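Peer 1: Here is my input; please provide its structure:
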Amino acid sequence: MAPEPLTAERIYRRLKADILDGVFPPGSQLIVQNAAETYGVSISPVRDGAHRLVGERLLGLNVGGGFTIPQLDAQVLRDLYVWHGYLVRHALKANSPVAGEPGPISILERSGPHHPKDIRDATAALFGRIGSRSENKAHLHAVLAAGELLSVARLHEPSVVKNVEEELLAIWNLTGSGQDAALRDAIWAYHRRRIRRASAIAHRISAVPPSSDTAGRS
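Peer 2: Numbering: from 1, shown residues only. Down below sits the predicted model:
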């Protein structure tokens, strides 16, 4: 029997949030029965949500059945950072300005330390705003999707990359300055730092649950 639409949507969103938060570690198996018991629902909405997340590349579908949270090793991270950087810098070719209030980015202007999830959410908001410069909606969707694939890595970046908050704020300040060349250089520097530290970030992902990182490095 198909799950009720509201239940299916709720479980899909919760399952997705737990994957993005690293509750299900990269490289591990998603046990549908266990997740259903945790969420207090039947297997059907969990399985349906998992299949939706396969389409978003946040879950892998095993050949023999079942689901796997994709591994985030050093090479996978390098590829994702390169791809995300390309998408974001390409959006700068559009003439549309970045509009709106800073939203989650503004939390970084407060005195720290900041929780890794706050930094992760600010990063997503920042690059989402830059991606919105492109009038191609598929382009913006690709920026957001690439960012989601990096969500767990972003939770660990502050423990490996110094001055993440200052780096993000500097990029944000450039978005409204009209200095696209400087903004493009800053974005490339942001991704280059992470490409170089991909092995260390991957090691943190495999060794430390994101919830244990309570603050970023200064």
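
Peer 1: going forward, measure contacts and count neighbours with C-alpha atoms only.
Peer 2: OK.

Peer 1: Run through the helices of this structure in chain order.
Peer 2: Assigned by DSSP state H, the helices in the chain fall at 5-20, 32-39, 43-55, 74-91, 116-131, 137-149, 151-156, 164-175, 180-196, 198-207.

Peer 1: Pipe those helices into TSV and attach distance to residue 68 and mean neighbour count per row.
Peer 2: Putting those into TSV (distance: least, Cα to Cα, whole Å; neighbours: other Cα atoms under 10 Å) gives the following:
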stretch	distance to residue 68	mean neighbour count
helix 5-20	11	17
helix 32-39	11	14
helix 43-55	9	19
helix 74-91	15	19
helix 116-131	23	22
helix 137-149	14	19
helix 151-156	15	26
helix 164-175	30	18
helix 180-196	25	17
helix 198-207	15	19
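
Peer 1: how near is the nearest residue to residue 39 once chain neighbours are set aside to residue 121?
Peer 2: Nearest residue to residue 39, sequence neighbours excluded (Cα to Cα, 6 or more residues apart in numbering): residue 11, at 7.6 Å. Plainly put, residue 11 is 21 Å away from residue 121 if you go by Cα to Cα, to the nearest Å.

Peer 1: Same question for residue 5.
Peer 2: Distance of residue 5 to residue 121, given as Cα to Cα: 28 Å.

Peer 1: The residue nearest to residue 39 and residue 44 touch, don't they?
Peer 2: No - checked against Cα atoms under 8 Å, the pair residue 11 and residue 44 is beyond contact range at 10.0 Å.

Peer 1: Show me the shaky parts of this protein.
Peer 2: Applying pLDDT under 70 to the chain flags residues 1-3, 95-104, 112, 209-218.

Peer 1: give me that answer again for 90
Peer 2: Applying pLDDT under 90 to the chain picks out residues 1-8, 62-66, 92-115, 129, 132-136, 173, 175-180, 207-218.

Peer 1: Find the residue closest to the residue nearest the centre of the chain in space, skipping its chain neighbours.
Peer 2: Nearest residue to the geometric centre of the chain (Cα atoms, centre = their mean): residue 151, 2.5 Å. Excluding the flanking residues, the one nearest residue 151 by Cα to Cα, 6+ apart is residue 20, at 5.5 Å.

Peer 1: got a list of what the one you found touches?
Peer 2: Residue 20 makes contact with 148-149, 151-152, according to Cα atoms under 8 Å, 6 or more residues apart in numbering.

Peer 1: now do 7 Å
Peer 2: 148, 151-152 (Cα atoms under 7 Å, 6 or more residues apart in numbering).

Peer 1: what's the answer for residue 62, then?
Peer 2: By Cα under 7 Å, 6+ apart, the neighbours of residue 62 are residue 68.

Peer 1: ok, now with 10 Å
Peer 2: Contact analysis of residue 62 by Cα atoms under 10 Å, 6 or more residues apart in numbering lists 29, 68.

Peer 1: Got phi/psi on it?
Peer 2: phi -70, psi 150 (degrees, to the nearest 10).
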